[in-house]
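1. Coordinates only, no sequence provided:
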C-alpha cells in the first residue's frame, strides 16, 4: 500500500518510466525536452501541473489522483468551508474517489478505535450507508 503522506513526484515518475521500460528517446520526443531535464525531473518533489499532465498522458497514469488521495486522508473536507447561502463558481464534485487504500485507512481508524463511525461520517463526509457497507464487506480483512 502506498503511503500518501509524503509525495515525491520525481521518484514516482521515474518508477513508472522503469515499470514501462520506456525508452528515453520516446520521452524526449513526446515532452520535447532534453535528457538532462528528464533526469532533473526525477529529483523534483513537485512539478508544475502542465508538465505533470504531459507526464500523465505519456505514462498513461493519473499522478493527480495521488494528491486526491492525500486530500481525502489528511485533509477531509470541512462542512464549514463555505459560508451559508454562498455558492462557489468552482466545479462541485458529488462523489469522492474511494480506492481500496482509502477504504482500508478509514476502516483501520474505526477498528483501532481512533475514530468512531459517526466521527468518520462527519469528518470525511462519507455517507452512512457507504461506511456500513464497507464495514460489512471488509470486516474479515480489518
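-> Arrived safely, thanks for sending. In this text, all values refer to a predicted model and were calculated from it rather than measured experimentally.
2. what does the domain assignment say about this protein?
-> 9-70, 92-142 (automatic domain parsing).
3. Would you mind giving the ones you listed as CSV with mean neighbour count added?
-> In short, each C-beta sits where N, CA and C put it, glycine included. Output for the domains of the chain, formatted as CSV (neighbours: other C-beta atoms under 10 Å):
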stretch, mean neighbour count
domain 9-70, 14
domain 92-142, 14
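4. Turn the ones you listed into JSON lines, columns for mean pLDDT.
-> Putting the domains of the chain into JSON lines (pLDDT from 0 to 100) gives the following:
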{"stretch": "domain 9-70", "mean pLDDT": "94"}
{"stretch": "domain 92-142", "mean pLDDT": "83"}
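5. ranges for the helices of the protein?
-> 9-20, 24-31, 35-43, 49-59, 64-74, 100-111, 117-124, 128-138 (DSSP state H).
6. now for the first one, which elements pack on it?
-> Spelled out, that is helix 9-20. helix 35-43, helix 49-59 (3 or more C-beta pairs under 8 Å, 6 or more residues apart in numbering; DSSP states H and E).
7. ok, now which ones touch residue 120?
-> Contact analysis of residue 120 by C-beta atoms under 8 Å, 6 or more residues apart in numbering lists 106, 109, 110, 126, 131.
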